[in-house]
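Chemist: I'd like to go over a predicted model; first the sequence, then the structure.
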Amino acid sequence: VQLQASGGGLVQSGGSLTLSCVVSGLSLADYEIGWFRQVAGEDGDGVAYMPSDGTTDYADFVKGRFTISRDNAKNTVYLQMNSLKPEDTAIYYCNLRVALPRGIGNYWGQGTKVTVSS
(Lines give C-alpha, C1' and ligand atoms only; values in the text may rest on other atoms or scores of the structure.)
Protein backbone atom coordinates (compact mmCIF):
# COMPACT_ATOMS: atom_id res chain seq x y z
CA VAL A 1 0.00 0.00 0.00
CA GLN A 2 1.33 3.43 -0.94
CA LEU A 3 -0.03 6.89 -0.34
CA GLN A 4 1.23 9.83 -2.39
CA ALA A 5 0.29 13.27 -1.11
CA SER A 6 0.62 16.51 -3.02
CA GLY A 7 -0.71 20.04 -3.18
CA GLY A 8 1.13 21.78 -0.37
CA GLY A 9 2.79 25.11 -0.79
CA LEU A 10 3.08 28.68 0.40
CA VAL A 11 -0.07 30.73 0.71
CA GLN A 12 -1.02 33.97 2.38
CA SER A 13 -3.29 34.10 5.38
CA GLY A 14 -6.89 33.84 4.23
CA GLY A 15 -5.95 31.89 1.14
CA SER A 16 -6.82 28.40 0.01
CA LEU A 17 -5.07 25.19 -0.93
CA THR A 18 -6.26 21.76 -1.96
CA LEU A 19 -4.29 18.71 -0.93
CA SER A 20 -4.58 15.40 -2.75
CA CYS A 21 -3.55 11.90 -1.78
CA VAL A 22 -3.54 9.01 -4.22
CA VAL A 23 -3.72 5.56 -2.71
CA SER A 24 -2.39 2.51 -4.50
CA GLY A 25 -2.39 -1.14 -3.57
CA LEU A 26 -5.97 -1.44 -2.40
CA SER A 27 -9.45 -0.10 -3.06
CA LEU A 28 -9.92 3.10 -1.12
CA ALA A 29 -13.69 2.58 -1.05
CA ASP A 30 -13.34 -0.04 1.68
CA TYR A 31 -11.31 2.00 4.15
CA GLU A 32 -11.21 5.05 6.35
CA ILE A 33 -8.93 7.79 5.07
CA GLY A 34 -7.98 11.15 6.43
CA TRP A 35 -5.44 13.84 7.08
CA PHE A 36 -3.10 14.42 9.98
CA ARG A 37 -0.76 17.34 10.48
CA GLN A 38 2.39 17.89 12.45
CA VAL A 39 4.70 20.74 13.28
CA ALA A 40 8.33 19.79 13.85
CA GLY A 41 8.98 19.08 17.51
CA GLU A 42 5.32 18.93 18.44
CA ASP A 43 2.70 16.24 18.73
CA GLY A 44 0.57 16.02 15.65
CA ASP A 45 -3.18 16.35 15.30
CA GLY A 46 -5.83 14.60 13.31
CA VAL A 47 -7.40 17.13 10.95
CA ALA A 48 -10.21 15.38 9.10
CA TYR A 49 -11.25 11.80 8.53
CA MET A 50 -13.76 10.05 6.34
CA PRO A 51 -14.79 6.44 6.98
CA SER A 52 -15.86 4.24 4.11
CA ASP A 53 -19.50 5.18 4.68
CA GLY A 54 -18.78 8.75 3.63
CA THR A 55 -19.37 10.43 6.95
CA THR A 56 -16.86 13.04 8.06
CA ASP A 57 -15.12 13.98 11.26
CA TYR A 58 -13.26 17.26 11.65
CA ALA A 59 -11.03 18.65 14.32
CA ASP A 60 -12.59 21.68 15.97
CA PHE A 61 -9.81 23.94 14.77
CA VAL A 62 -10.69 23.34 11.09
CA LYS A 63 -14.47 23.05 11.20
CA GLY A 64 -16.07 25.40 8.73
CA ARG A 65 -12.79 25.99 6.90
CA PHE A 66 -11.59 22.59 5.66
CA THR A 67 -13.49 19.98 3.67
CA ILE A 68 -12.45 16.39 3.17
CA SER A 69 -13.71 14.47 0.17
CA ARG A 70 -12.88 11.28 -1.65
CA ASP A 71 -13.12 9.94 -5.18
CA ASN A 72 -13.13 6.19 -4.84
CA ALA A 73 -12.94 5.70 -8.59
CA LYS A 74 -9.64 7.57 -8.58
CA ASN A 75 -8.53 6.13 -5.23
CA THR A 76 -7.93 9.69 -4.12
CA VAL A 77 -8.76 11.75 -1.05
CA TYR A 78 -8.75 15.54 -1.01
CA LEU A 79 -8.54 18.23 1.62
CA GLN A 80 -9.88 21.59 0.57
CA MET A 81 -8.47 24.20 2.93
CA ASN A 82 -10.01 27.66 2.97
CA SER A 83 -9.45 30.69 5.17
CA LEU A 84 -6.00 29.45 6.03
CA LYS A 85 -4.28 30.83 9.11
CA PRO A 86 -0.58 30.96 10.01
CA GLU A 87 -1.27 28.35 12.70
CA ASP A 88 -2.28 25.91 9.94
CA THR A 89 1.38 25.79 8.90
CA ALA A 90 2.48 22.16 9.19
CA ILE A 91 3.33 19.06 7.25
CA TYR A 92 0.13 17.34 6.26
CA TYR A 93 0.04 13.57 5.99
CA CYS A 94 -2.67 11.41 4.51
CA ASN A 95 -3.51 8.48 6.74
CA LEU A 96 -5.24 5.26 5.77
CA ARG A 97 -6.70 3.23 8.61
CA VAL A 98 -7.17 -0.51 8.27
CA ALA A 99 -9.02 -2.72 10.73
CA LEU A 100 -6.77 -5.62 11.69
CA PRO A 101 -7.39 -8.55 14.05
CA ARG A 102 -5.25 -6.85 16.70
CA GLY A 103 -6.46 -3.31 16.20
CA ILE A 104 -6.07 -0.49 13.70
CA GLY A 105 -3.22 -0.46 11.24
CA ASN A 106 -2.07 2.87 9.85
CA TYR A 107 -0.55 3.67 6.49
CA TRP A 108 0.98 7.08 5.91
CA GLY A 109 1.87 9.21 2.94
CA GLN A 110 5.13 11.08 2.75
CA GLY A 111 3.66 14.40 3.80
CA THR A 112 3.18 17.66 1.98
CA LYS A 113 4.24 20.95 3.53
CA VAL A 114 1.80 23.80 3.96
CA THR A 115 3.10 27.22 4.91
CA VAL A 116 0.72 30.07 5.63
CA SER A 117 2.27 33.51 5.83
CA SER A 118 0.76 36.31 7.88
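Modeler: Cool, got the structure.
Chemist: I'd like the next helix or strand past the worst-scoring helix or strand of the chain on mean pLDDT.
Modeler: For the chain, the helix or strand with the lowest mean confidence is strand 103-108, at a mean of 92 (criterion: mean pLDDT, DSSP states H and E). Following strand 103-108 in sequence order, the next helix or strand is strand 112-117 (DSSP states H and E).
Chemist: Paired strands for that next one, with orientation please.
Modeler: Applying DSSP bridges, strand 112-117 is found paired with strand 9-12 (parallel), strand 90-100 (antiparallel).
Chemist: who's in contact with the first one?
Modeler: Taking contacts as CB atoms under 8 Å, 6 or more residues apart in numbering, the residues outside strand 9-12 that touch it are 17, 84, 113-117. Bear in mind the C-beta positions are built from the backbone N, C-alpha and C, glycine included.
Chemist: Make CSV out of the residues you listed and add pLDDT and distance to residue 38.
Modeler: Rendered in CSV, the data for the contacts of strand 9-12 read as follows (pLDDT from 0 to 100; distance: CB to CB, whole Å):
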residue, pLDDT, distance to residue 38
17, 98, 17
84, 98, 17
113, 98, 11
114, 98, 11
115, 98, 14
116, 98, 15
117, 97, 19
